[in-house]
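Here's my sequence, what's the structure:
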Amino acid sequence: MTRNLLATTALAALVATGAYAQSTTAPAPATGPAVQQPGAAPVRAEGSIVTNIIGESVYNGTADDAENIGKVTDVVFDKDGQAKSVIIGVGGFLGVGTKNVAFDYDKLQWAEKNGDRWLVARTTKEELTAQAEFDTKPYAPAPPAPTAAPTAPATTNTAQNPVDMNAAPTEPVKRADGNLATNIIGETVYNGTGDDAQNIGSVNDIVLTKEGKAQSLIIGVGGFLGIGAKNVAYDFNKAKWAERNGDRWLVAQTTKEELQAQPDFNRKAYDPLPATTASNAPPATAPAAATVPDQTPDQTKTAAIDKSALTEMPVGEIRADDLKGTTVYGANDAKVGVIGDVVLTPDKKPDAVIVDVGGFLGIGAKEVAVGMDNLKFMTDKNGKKYLYTTFTKQQLEAQTAYEKGSYAQKRDQQRMIMR
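Residues are numbered from 1 along each chain as shown. Predicted coordinates for the structure are as follows:
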């Protein structure tokens, strides 16, 4: 490391702005991030983690005809680490032409039922689209200080370059008093500010209390290229920003060994209740998708994948050919199938993925069309792709099979949608 410290500020004093208040129902820990003890019953956290919020679809109500009005792309914190607003991407198609706007964090509500969970915002797509575009530039590191340009050698040419006397001077970007979640997640953490400071890990998540206050950073420590890394919680208020010449990094006054000695962070404590134990009287009911029977998730094959080490693929960069062969996971992270094909719209945009369910080595598998709506594709650092859904294998097997010849006429019957 060859960085020299210019300034160090408490992370809580540099965390993100937003002219909104918070008291959401989003889950998060009250006394500390959840830690799963071996052999213990599953722990249910009282708060939330940011990676469960970013990428979540937002609906404008809880009725069967509720409209999907956008998707959360970021969380804005004030200087004290309080979540003040979420950034919702609205409009566009597969990420192209999407407009990012701020929405008051405390006006969001979680709805949860039968192993599924979604966000509800009492607004409309038109109202969101009418909002000003959210500007991320005030949350970027300060630009490098200007340096004096060398004096040009004298020339005999006395001609002057034309000057626009009406040009307005460039306005400096006003720095925000807080930060964005996406500026923190993925950031490298060092154990000091000197030239010999050690890289001790990277931020994989942020734990929020049920009041929306940032409580802990989840730091991935050890491993190689994300494989074998251990995720542990570190006090959010103890982390500091260091910033110099347009660069910014995190400092935690600890060692890699001290972090590795901490218990594993229990991410599952922040997942929705499984379908087998979820309450039948949730705060809201999911908008209707394809009608599917409520079945117990298939536990014969589960995903031994650390989802915190995966990153979401920008939907605007996904090509249909890249999706073929992607493993599909369902409720409780059970493996439910593999993407065998992609259905395109007349203008060559993905409309649905065809999931091969059941069979053996592809023989006897049932083809099920799953709409691209609300799908979240993940990738690891080796480029392997994963698709996580809320469907069980039984639900997919009970769904009307995809038939290429009749799909256009029977699209509503053959196409499942994840809510």
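
so how many other residues sit close to the nearest residue to residue 174 once chain neighbours are set aside?
Nearest residue to residue 174 in three dimensions, chain neighbours excluded: residue 138, at 5.8 Å (C-beta to C-beta, 6 or more residues apart in numbering). All C-beta spots, glycine's among them, are computed from the backbone N, C-alpha and C. Around residue 138 there are 15 other residues, counting by other C-beta atoms under 10 Å.

What score does residue 138 have for pLDDT?
Model confidence at residue 138, expressed as pLDDT, equals 90.

Make 102 the first number, not 1, from now on.
Sure, I'll start numbering at 102, so the last one becomes residue 239.

Now it. Its backbone dihedrals?
Residue 239 has phi and psi values of phi -60, psi -10 when expressed as degrees, to the nearest 10.

my guess is it meets residue 276, correct?
Yes: the pair formed by residue 239 and residue 276 meets the contact definition of C-beta atoms under 8 Å, at 5.7 Å.

check which helix or strand covers residue 350.
Taking DSSP states H and E as the definition, residue 350 sits inside strand 348-352.

buried residues in that strand?
Neighbour-count burial for strand 348-352, counted by 16 or more other C-beta atoms under 10 Å, picks out 349-352.

Name whatever forms a beta bridge with residue 430.
Residue 430 has the following beta-bridge partners by DSSP bridges: residue 436, residue 489.

Tell me, how many residues neighbour it?
Neighbourhood size, residue 430 [other C-beta under 10 Å]: 22.

got a pLDDT number for it?
What the model reports as pLDDT for residue 430 is 85.

That one and residue 179, how far apart?
As judged by C-beta to C-beta, to the nearest Å, residue 430 and residue 179 stand 36 Å apart.

cool, residue 319 as well?
Residue 319 sits 21 Å away from residue 179, taking C-beta to C-beta as the criterion.

so residue 209 makes contact with residue 221?
Yes: with contacts counted by C-beta under 8 Å, residue 209 reaches residue 221, the gap being 7.1 Å.

The two - which one has more neighbours?
residue 209 (24 against 21).

returning to that earlier point: could you work out the most separated pair of the buried residues of strand 348-352?
Across the buried residues of strand 348-352, no pair lies farther apart than 349 and 352, at 10.6 Å, counting by C-beta to C-beta.

next structured bit after the strand holding residue 350?
Trace forward from strand 348-352 with DSSP H and E and the next one is helix 357-361.

which helices and strands sit right next to that next one?
Contacting helix 357-361 under the criterion 3 or more C-beta pairs under 8 Å, 6 or more residues apart in numbering; DSSP states H and E are the following elements: strand 300-309, strand 315-322, strand 331-336.

redo that, cut-off 7 Å
Counting contacts by 3 or more C-beta pairs under 7 Å, 6 or more residues apart in numbering; DSSP states H and E, helix 357-361 is packed against strand 300-309, strand 315-322.
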